[in-house]
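Asker: please work out how this folds:
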Amino acid sequence: MRELQSMLGVSRSIINGLIDARFVTPTRGPRNTLRFTFQDVVLLRTALQLRAANIAPRRIVQALTRLRAELPDELPLSGIRVTAVGNDIAVRTGPAQWDAITGQHLLDFEVADIKGDVVFLESTPGPKDAARQAEEWYDLGGQMMKSDAKGAEQAYRNAIALAAEPFYAAYVDLGALLCESEGRCDDALRVFDEALAFFPDDAVLHFNRAVALEGLDRLDEAERSYERCLELDPSYADAHHNLAILLESLGDKQGLLRHLNAYRRLTT
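Answerer: Now for the predicted structure:
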């Protein structure tokens, strides 16, 4: 659930509302945690974006019903994009674009397929165009994370630069990409610090900042970031877990037991 919140940039209550409305039916994993498939993520993001585009709920349900039946198990190399085109809902998979409700193929004048890569044809964007392009760059970054880390990094940076308002999810995903995939925890730290200037009381950002600081062996600072995360969200189980291990390495056995017990209470 936390990873999904970070990916979509929305609150737990919004995701729970979409689950209650049966847009998706996640399974249960170890310790009763919710487990979401690739299809679930696409469907949830689609529902949020289409509602933001003022598409009628009935048409969203129709589109998602068809998408659920036709989406592959894994993200295809060509990627998937779902967008509102007027009152219609268009789905792009590879070079093809089709109507999400009728299945009819559509012509596409917004993207061009060049040597296998999707290239956005940009003009000087107005505020609405810039917001749309920021979302598209963010979606492209998510599609490229496993296959092209450099490309994903640039896509996330483009999303942040184009967004009219601070792009929370792009900051989180970019920082995680740099620290985990690229081993560039110093660059990740700069991303999280920039994000915290806009979202100073966000527990996820403080947690990720602490992880980056650990990667740089700045353990005292990492400890303070984990503690700040837990001040904001005492139920953040992963922060208790990581802080317990960190305190053990610093020789604080009492702190180790305190946070390890908290982690166990939250996960059992």
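
Asker: can you give me the domain assignment for the chain?
Answerer: Domain ranges of the chain: 1-119, 122-165, 169-268, per automatic domain parsing.

Asker: for the first one, give the mean pLDDT please.
Answerer: Mean pLDDT, domain 1-119: 64.

Asker: just the domains of the chain: most buried one?
Answerer: Highest mean neighbour count among the domains of the chain (mean count of other C-beta atoms under 10 Å): domain 169-268, with a mean of 19. C-betas here are computed from N, CA, C, even on glycine.

Asker: what mean pLDDT does that domain get?
Answerer: Rounded mean pLDDT across domain 169-268 is 95.

Asker: which residues does Ile245 contact?
Answerer: Applying C-beta atoms under 8 Å, 6 or more residues apart in numbering, we find Ile245 in contact with Leu256.

Asker: wait, a strand at it?
Answerer: No - applying DSSP: H, G, I helix; E, B strand; the rest coil, one finds Ile245 to be helix, outside a strand.

Asker: what is the strand or helix carrying Ala197 packed up against?
Answerer: Here Ala197, judged by DSSP states H and E, is contained in helix 185-198. In terms of contacts (3 or more C-beta pairs under 8 Å, 6 or more residues apart in numbering; DSSP states H and E), helix 185-198 is packed against helix 168-176, helix 203-215.

Asker: starting at the chain centroid, how far to stretch 11-25?
Answerer: 16 Å (C-alpha atoms, centre = their mean, to the nearest Å).

Asker: keeping just the C-alphas, turn that stretch into PDB.
Answerer: Listed in PDB are the C-alpha atoms of stretch 11-25, where the atom choice follows Å, rounded to 0.1, in the frame of the first residue of the first chain:
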ATOM      1  CA  SER A  11      -3.700   9.200   0.100                       C
ATOM      2  CA  ARG A  12      -4.600   5.800   1.500                       C
ATOM      3  CA  SER A  13      -8.200   6.800   1.800                       C
ATOM      4  CA  ILE A  14      -8.500   7.500  -1.900                       C
ATOM      5  CA  ILE A  15      -7.000   4.100  -2.800                       C
ATOM      6  CA  ASN A  16      -9.300   2.400  -0.300                       C
ATOM      7  CA  GLY A  17     -12.300   4.200  -1.900                       C
ATOM      8  CA  LEU A  18     -11.300   2.800  -5.300                       C
ATOM      9  CA  ILE A  19     -10.900  -0.700  -3.800                       C
ATOM     10  CA  ASP A  20     -14.300  -0.400  -2.100                       C
ATOM     11  CA  ALA A  21     -15.800   0.600  -5.500                       C
ATOM     12  CA  ARG A  22     -14.300  -2.600  -6.900                       C
ATOM     13  CA  PHE A  23     -12.100  -0.900  -9.500                       C
ATOM     14  CA  VAL A  24      -9.500  -3.400  -8.300                       C
ATOM     15  CA  THR A  25      -9.500  -6.500  -6.000                       C
END
